[in-house]
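[1] A structural model of the following input is requested.
(one chain, ligands or ions: 1)
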Amino acid sequence: MMQKIRSTLARWMAGRRGADELSLMLLISGLVLSVLGSALRFGILNLMGLAAYVFSMYRMLSRNVEKRYAENAKFVGLWHTVTSNVRQFFIRLKNANKYKYFKCPECHARLRLPRKVGEVTVTCGKCRHAFKQKA
Ligand SMILES: [Zn+2]
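    Just a heads-up that it's a prediction; the model follows:
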(Lines give C-alpha, C1' and ligand atoms only; values in the text may rest on other atoms or scores of the structure.)
Protein backbone atom coordinates (compact mmCIF):
# COMPACT_ATOMS: atom_id res chain seq x y z
CA MET A 1 0.00 0.00 0.00
CA MET A 2 2.69 2.49 1.08
CA GLN A 3 4.87 1.37 -1.82
CA LYS A 4 2.03 2.04 -4.26
CA ILE A 5 1.40 5.54 -2.82
CA ARG A 6 5.12 6.25 -2.94
CA SER A 7 5.49 5.16 -6.57
CA THR A 8 2.36 7.09 -7.62
CA LEU A 9 3.74 10.21 -5.94
CA ALA A 10 7.16 9.70 -7.55
CA ARG A 11 5.52 9.39 -10.99
CA TRP A 12 3.45 12.52 -10.36
CA MET A 13 6.50 14.54 -9.24
CA ALA A 14 8.61 13.45 -12.24
CA GLY A 15 9.72 16.51 -14.22
CA ARG A 16 8.91 18.85 -11.35
CA ARG A 17 11.53 20.62 -9.30
CA GLY A 18 10.10 20.08 -5.80
CA ALA A 19 11.26 22.09 -2.80
CA ASP A 20 14.26 24.40 -3.08
CA GLU A 21 15.61 27.26 -0.94
CA LEU A 22 13.22 29.88 -2.35
CA SER A 23 10.17 27.62 -1.93
CA LEU A 24 11.12 26.84 1.67
CA MET A 25 11.68 30.54 2.41
CA LEU A 26 8.25 31.32 0.91
CA LEU A 27 6.67 28.63 3.11
CA ILE A 28 8.38 30.00 6.23
CA SER A 29 7.43 33.59 5.28
CA GLY A 30 3.84 32.45 4.70
CA LEU A 31 3.74 30.80 8.12
CA VAL A 32 5.20 33.88 9.86
CA LEU A 33 2.81 36.23 8.02
CA SER A 34 -0.20 34.01 8.87
CA VAL A 35 0.73 33.80 12.55
CA LEU A 36 1.37 37.56 12.73
CA GLY A 37 -1.86 38.30 10.85
CA SER A 38 -3.85 36.15 13.29
CA ALA A 39 -2.10 37.50 16.39
CA LEU A 40 -2.49 41.14 15.35
CA ARG A 41 -5.94 40.55 13.76
CA PHE A 42 -4.56 42.10 10.60
CA GLY A 43 -6.27 40.38 7.65
CA ILE A 44 -3.94 41.65 4.94
CA LEU A 45 -1.02 39.73 6.55
CA ASN A 46 -3.08 36.52 6.42
CA LEU A 47 -3.77 37.17 2.76
CA MET A 48 -0.05 37.81 2.06
CA GLY A 49 0.79 34.57 3.93
CA LEU A 50 -1.69 32.67 1.79
CA ALA A 51 -0.21 34.22 -1.37
CA ALA A 52 3.26 33.07 -0.23
CA TYR A 53 1.95 29.49 0.30
CA VAL A 54 0.27 29.45 -3.10
CA PHE A 55 3.37 30.80 -4.87
CA SER A 56 5.55 28.29 -3.04
CA MET A 57 3.31 25.38 -4.10
CA TYR A 58 3.21 26.72 -7.67
CA ARG A 59 7.03 26.81 -7.73
CA MET A 60 7.40 23.28 -6.28
CA LEU A 61 4.92 21.75 -8.74
CA SER A 62 5.98 23.77 -11.80
CA ARG A 63 7.30 21.82 -14.78
CA ASN A 64 9.31 24.84 -16.03
CA VAL A 65 12.41 23.60 -14.19
CA GLU A 66 14.89 25.97 -15.88
CA LYS A 67 12.96 29.10 -14.92
CA ARG A 68 12.49 27.87 -11.31
CA TYR A 69 16.21 27.04 -11.15
CA ALA A 70 17.13 30.57 -12.33
CA GLU A 71 14.76 32.16 -9.78
CA ASN A 72 16.24 30.05 -7.00
CA ALA A 73 19.82 30.86 -8.05
CA LYS A 74 19.01 34.60 -7.96
CA PHE A 75 17.41 34.21 -4.52
CA VAL A 76 20.34 32.21 -3.11
CA GLY A 77 22.82 34.86 -4.37
CA LEU A 78 20.79 37.67 -2.82
CA TRP A 79 20.40 35.73 0.43
CA HIS A 80 24.16 35.13 0.61
CA THR A 81 24.85 38.86 0.06
CA VAL A 82 22.40 39.91 2.79
CA THR A 83 23.60 37.35 5.35
CA SER A 84 27.29 38.11 4.74
CA ASN A 85 26.65 41.87 5.08
CA VAL A 86 24.80 41.28 8.37
CA ARG A 87 27.62 38.99 9.59
CA GLN A 88 30.25 41.61 8.66
CA PHE A 89 28.24 44.30 10.46
CA PHE A 90 28.26 42.28 13.71
CA ILE A 91 31.98 41.54 13.35
CA ARG A 92 32.66 45.30 12.98
CA LEU A 93 30.41 46.02 15.98
CA LYS A 94 32.24 43.41 18.09
CA ASN A 95 35.68 44.84 17.13
CA ALA A 96 34.71 48.53 17.25
CA ASN A 97 36.87 49.14 20.33
CA LYS A 98 39.94 47.51 18.71
CA TYR A 99 39.71 48.91 15.16
CA LYS A 100 38.53 52.05 13.42
CA TYR A 101 36.59 51.13 10.28
CA PHE A 102 36.40 53.49 7.29
CA LYS A 103 36.02 53.41 3.53
CA CYS A 104 38.54 54.16 0.82
CA PRO A 105 37.63 57.57 -0.68
CA GLU A 106 38.39 56.27 -4.20
CA CYS A 107 36.83 52.80 -4.46
CA HIS A 108 34.78 52.68 -1.23
CA ALA A 109 36.41 49.43 -0.12
CA ARG A 110 35.99 48.89 3.61
CA LEU A 111 39.28 49.29 5.49
CA ARG A 112 40.33 49.25 9.15
CA LEU A 113 43.14 50.49 11.34
CA PRO A 114 44.02 49.50 14.90
CA ARG A 115 42.80 52.20 17.32
CA LYS A 116 45.28 54.70 18.77
CA VAL A 117 47.87 54.54 15.95
CA GLY A 118 47.39 58.28 15.34
CA GLU A 119 47.41 59.72 11.82
CA VAL A 120 48.98 57.37 9.28
CA THR A 121 49.16 57.08 5.50
CA VAL A 122 46.92 54.24 4.37
CA THR A 123 47.30 52.48 1.00
CA CYS A 124 44.07 50.83 -0.14
CA GLY A 125 44.66 47.14 -0.87
CA LYS A 126 42.10 47.16 -3.67
CA CYS A 127 42.93 50.28 -5.73
CA ARG A 128 46.36 51.24 -4.25
CA HIS A 129 45.12 54.79 -3.47
CA ALA A 130 47.16 56.33 -0.61
CA PHE A 131 45.57 58.79 1.82
CA LYS A 132 45.98 60.04 5.40
CA GLN A 133 43.67 58.62 8.06
CA LYS A 134 43.40 59.11 11.83
CA ALA A 135 42.63 56.17 14.06
ZN1 LIG B 1 40.45 51.91 -2.73
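[2] Would you mind naming what in the protein lies close to the ion?
    104, 106, 107, 109, 124, 126, 127, 129 (Cβ under 5 Å from the ion). Using the backbone N, CA and C atoms, a C-beta is placed for each residue, glycine as well.
[3] Which of the three states applies to the one residue sitting closest to the centre of the chain?
    For the chain, the residue nearest the mean C-alpha position is residue 79 (1.8 Å; Cα atoms, centre = their mean). The three-state label given to residue 79 by DSSP: H, G, I helix; E, B strand; the rest coil is helix.
[4] picking that back up, most neighbours among the residues of the chain next to the ion, which one?
    residue 104 (19 neighbours; other Cβ atoms under 10 Å).
[5] wait, isn't it in contact with residue 128?
    No - using Cβ atoms under 8 Å, residue 104 makes no contact with residue 128, being 9.9 Å away.
[6] Got the domain ranges for this structure?
    17-72, 93-135 (automatic domain parsing).
[7] what's the most buried one of these?
    domain 17-72 (a mean of 15; mean count of other Cβ atoms under 10 Å).
[8] how close does residue 85 get to residue 109?
    Going from residue 85 to residue 109 by Cβ to Cβ, to the nearest Å gives 14 Å.
[9] that's a helix at residue 41, yeah?
    No - looking at residue 41 with three-state DSSP, it is coil, so not inside a helix.
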